[in-house]
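Trainee: structure of the sequence below:
(4 chains)
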Protein chains: 4
Amino acid sequence: MEAFSDGVIAILITIMVLQLRQPHGSSFAQLRTSFPSLLAYVLSFVNIAIYWNNHHHLLKAIPMVTGAMLWANLNLLFWLSLFPFTTAWMSENGFAATTVAVYGLVLALAALAYFILQVIIVRADGPDSRLGRVLGRDLKGKLSFASFVVSVPLALVWRWASIAVIIAVSVSWLIPDRRVEFYIRSIARDHDTDR
Amino acid sequence: MEAFSDGVIAILITIMVLQLRQPHGSSFAQLRTSFPSLLAYVLSFVNIAIYWNNHHHLLKAIPMVTGAMLWANLNLLFWLSLFPFTTAWMSENGFAATTVAVYGLVLALAALAYFILQVIIVRADGPDSRLGRVLGRDLKGKLSFASFVVSVPLALVWRWASIAVIIAVSVSWLIPDRRVEFYIRSIARDHDTDR
Amino acid sequence: MEAFSDGVIAILITIMVLQLRQPHGSSFAQLRTSFPSLLAYVLSFVNIAIYWNNHHHLLKAIPMVTGAMLWANLNLLFWLSLFPFTTAWMSENGFAATTVAVYGLVLALAALAYFILQVIIVRADGPDSRLGRVLGRDLKGKLSFASFVVSVPLALVWRWASIAVIIAVSVSWLIPDRRVEFYIRSIARDHDTDR
Amino acid sequence: MEAFSDGVIAILITIMVLQLRQPHGSSFAQLRTSFPSLLAYVLSFVNIAIYWNNHHHLLKAIPMVTGAMLWANLNLLFWLSLFPFTTAWMSENGFAATTVAVYGLVLALAALAYFILQVIIVRADGPDSRLGRVLGRDLKGKLSFASFVVSVPLALVWRWASIAVIIAVSVSWLIPDRRVEFYIRSIARDHDTDR
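Mentor: Residues are numbered from 1 along each chain as shown, chains lettered A, B, ... in the order given. A predicted model of the protein is given here:
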């Protein structure tokens, strides 16, 4: 499951570059017309990288793969797979209000899918799940989801504020999820003690 | 063989999004024109995910890779690789009768290829193949193949009925193949007993 | 090296489908205009599958990866990576003489690159290389290379004969390289005896 | 991390071929119009191959993956992911001065990102890092970075000299990084002695 997800995410993060339209001429002035595209590309690249990073840590903590996890994972990959579409649509229409709203909506649905996957994994880990305790109420995850949800109507009123919210949430995740990282190290430590 | 198949399937499921045409404007009304495309994308995404899921379980049960399996597997990957083509053709022509028929035909041929691969693997597993007994007469697989075959002429008469048949078969497979999953667990149990 | 090569080959075999142009209408008559494209696609799919299959067997037999092998391998991947280009160019120009010649030329250069990789691996395996003895003079490989070389000028004189030669060589390789397969089994047997 | 990076690099090296424009006709004369494209493709293919090769050796030497390494690695992958864009822009504008400058700039930023990743890995390896001693002052890496930086303004004055510099640096890296290779073997030797 990890190899397949890694594969899909690697492809998604890469094919977005195929939709970076080249400027029509070769001057610097014309290259500047590609800037919105490039910024949208960077934003989506960072968001997919964040999912890859956290997803990677999360899957490491799985005790056994179940059918429910497979489908929750595919659900997440589905929403991630729409990123190239929403990114291209947004950047080619100069960050028009509607396109930003749809971009935020797909971000929100991906965050929800990630949350569902996480709940299923914690549940499979049992009532005393250490991963569950480490994640706690996962305030950061819930807040991100809420922010993305808010960014949707906000885009229709004041699109730059919506983009600012999306960027802020993305930047806040650039710091890797130390809780899960911590959890994995604690498992590794126990293994060493067992030996 | 599994890594290569996973790679090909991961790429197929992802590149389909490259063929999602963006609406020409940025309004919600114009986004609605992308809806047929999006629905076709979801349908193909789900179908490829189903193949990945079952294929994954099937390959886990292989005792030893033979040349025949390699080619049967490549045959399956070939038909799957046509999904992006038939999906795009169907959605860009507003689900025209002919395009639905071709979409159903490729689904039928992929189902047949999967069936052939399965037969080869069961045969290699010997006359008392546990996988063979678990799959039994594989009624679900045969029925799906038959339904896809029926969807081809049906599309030319009444295309929406044909689409309904295809969706119904797809939904029926969203439940993972518990028989093979069960089989793998029974193998794992035996291994534990052997030790 | 094997994972990377598998990745590149998996991507190559898949992206070719992105260049399958859809017919302009939705009727069967118009679908027929896609037939040359589809045939060229099948031919290239089969050829890349053959390389994957044999390459897979060859790499299994490597004792230790050297820098020379890495570059010989990248050289092979480079020529394989031109297949989508030559396939699309040939099929979109109705198998025009020049395009068939270039298609055959890239096939010949890929065959040469494979041959070089094979020589480097056999040499690294030492003078008594079992793989070397199994491959022997590799008449089949040399004959294929020679046929592809012949197909280049032949295309300019009589293009259908050239295509026939290319198809004939491809079909002859659909049978997996039993010599290397045999070699791997003999290694496996020795391992069992050693224990 | 290695699997994901290998995946991204494999995809990048392959999708560039999708941007090789086919000549409009089928004659050899018209194929010649694709030559600049093809040369740019070869140059970028070689550069990505060099990164893959050295990156591969570098990651082998990592004692433990940290969050900083993950992000330094994603930073490198980001700059590599712009290669298809800059390659296509440069080749489609006949190697115009501005496009060569931007091509060189992205090469410089990728070299810088590689350098940062290397520093982070050496630092994590401790003050007596053997990898650090083997790399030494990494004169070759610094010189390459400096040359790419120089190629940017040079392109605006005399573009062919700029291209010559880029080609010269690329060729100088075709020889694999023997220092790291040597280091890995020395580790392997120690392991053998330990047993």
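Trainee: ok, and does the helix ranked longest in chain A reach over to chain B?
Mentor: Ranked by residue count and defined by DSSP state H, the top helix of chain A is helix A:97-124. Yes: applying CB under 8 Å from any CB of the partner chain, one finds helix A:97-124 touching chain B at A:97-99, A:102. Backbone N, C-alpha and C define where each C-beta goes, glycine included.
Trainee: show me which of those residues are buried.
Mentor: Neighbour-count burial (16 or more other CB atoms under 10 Å in any protein chain shown) applied to the residues of helix A:97-124 next to chain B gives A:97-99, A:102.
Trainee: mind putting those into CSV with pLDDT?
Mentor: Putting these into CSV (pLDDT from 0 to 100) gives the following:
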residue, pLDDT
A:Ala97, 90
A:Thr98, 90
A:Thr99, 91
A:Val102, 92
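Trainee: pick the one among those residues closest to B:Ser5.
Mentor: Closest approach to B:Ser5 among these (CB to CB): A:Val102, at 33.5 Å.
Trainee: residue contacts, the nearest residue to the closest one once chain neighbours are set aside?
Mentor: Using CB to CB, 6 or more residues apart in numbering or on different chains and skipping residues adjacent in sequence, the residue nearest A:Val102 is A:Thr86, 5.6 Å away. Taking CB atoms under 8 Å, 6 or more residues apart in numbering or on different chains, we find A:Thr86 in contact with A:99, A:102-103, A:106.
Trainee: now do A:Trp158
Mentor: Residues near A:Trp158 by CB under 8 Å, 6+ apart: none.
Trainee: return the distance of the residue lying closest to A:Val100 once chain neighbours are set aside relative to A:Phe115.
Mentor: Among residues not flanking A:Val100 along the chain, A:Ala155 sits closest, at 3.9 Å (CB to CB, 6+ apart). Distance of A:Ala155 to A:Phe115, given as CB to CB, to the nearest Å: 22 Å.
Trainee: ok, the two, which is more surrounded?
Mentor: Neighbour tally, A:Ala155 and A:Phe115, criterion other CB atoms under 10 Å in any protein chain shown: the higher count belongs to A:Ala155, 27 against 17.
Trainee: if we can go back for a sec, pLDDT wise, what is the residue nearest to A:Val102 at?
Mentor: A:Thr86 is assigned 90 on the pLDDT scale.
Trainee: now A:Leu20: closest residue in space that isn't a chain neighbour?
Mentor: In space, A:Leu20 comes closest to D:Phe85 once its chain neighbours are excluded; the distance is 4.9 Å by CB to CB, 6+ apart.
Trainee: so how many other residues sit close to the closest residue to A:Ala168 other than its chain neighbours?
Mentor: Closest residue to A:Ala168 apart from its sequence neighbours, by CB to CB, 6+ apart: A:Ser147 at 7.5 Å. Using other CB under 10 Å, A:Ser147 has 20 neighbouring residues.
Trainee: need the contact list for A:Ser147.
Mentor: A:Ser147 touches A:165-166, A:168-169, counting by CB under 8 Å, 6+ apart.
Trainee: and the furthest pair within those residues?
Mentor: Longest span within the contacts of A:Ser147, CB to CB: A:Ile166 and A:Ala168, 7.3 Å.
Trainee: which SS class is A:Ser26?
Mentor: coil (DSSP: H, G, I helix; E, B strand; the rest coil).
Trainee: give me the phi and psi for it.
Mentor: Backbone torsions of A:Ser26, given as degrees, to the nearest 10, read phi -120, psi 10.
Trainee: that one reaches D:Asn93, doesn't it?
Mentor: Yes: when contacts are counted by CB atoms under 8 Å, A:Ser26 is listed as touching D:Asn93 (3.8 Å).
Trainee: now for these two: what residues contact both?
Mentor: D:Thr99.
Trainee: run a quick neighbour tally on A:Lys51.
Mentor: Let me fix one detail, which is that residue A:51 is Tyr and not Lys. 24.
Trainee: give me the pLDDT for the residue nearest to it when sequence neighbours are not counted.
Mentor: Nearest residue to A:Tyr51, sequence neighbours excluded (CB to CB, 6+ apart): A:Leu80, at 6.2 Å. Note on A:Leu80: pLDDT of 91.
Trainee: ok, A:Leu80 touching A:Val8?
Mentor: Yes: counting by CB under 8 Å, A:Val8 is a contact partner of A:Leu80 at 7.5 Å.
Trainee: contact residues of chain A facing chain D?
Mentor: Near chain D, when you scan chain A using CB under 8 Å from any CB, you find A:3, A:6-7, A:9-11, A:13-15, A:17-18, A:20, A:22-23, A:25-28, A:31, A:42, A:45, A:49, A:52-53, A:56, A:174-176, A:178, A:181.
Trainee: who are the contact partners of A:Leu20?
Mentor: Here A:Leu20 is in contact with A:34, A:37-38, A:41, D:85 (CB under 8 Å, 6+ apart).
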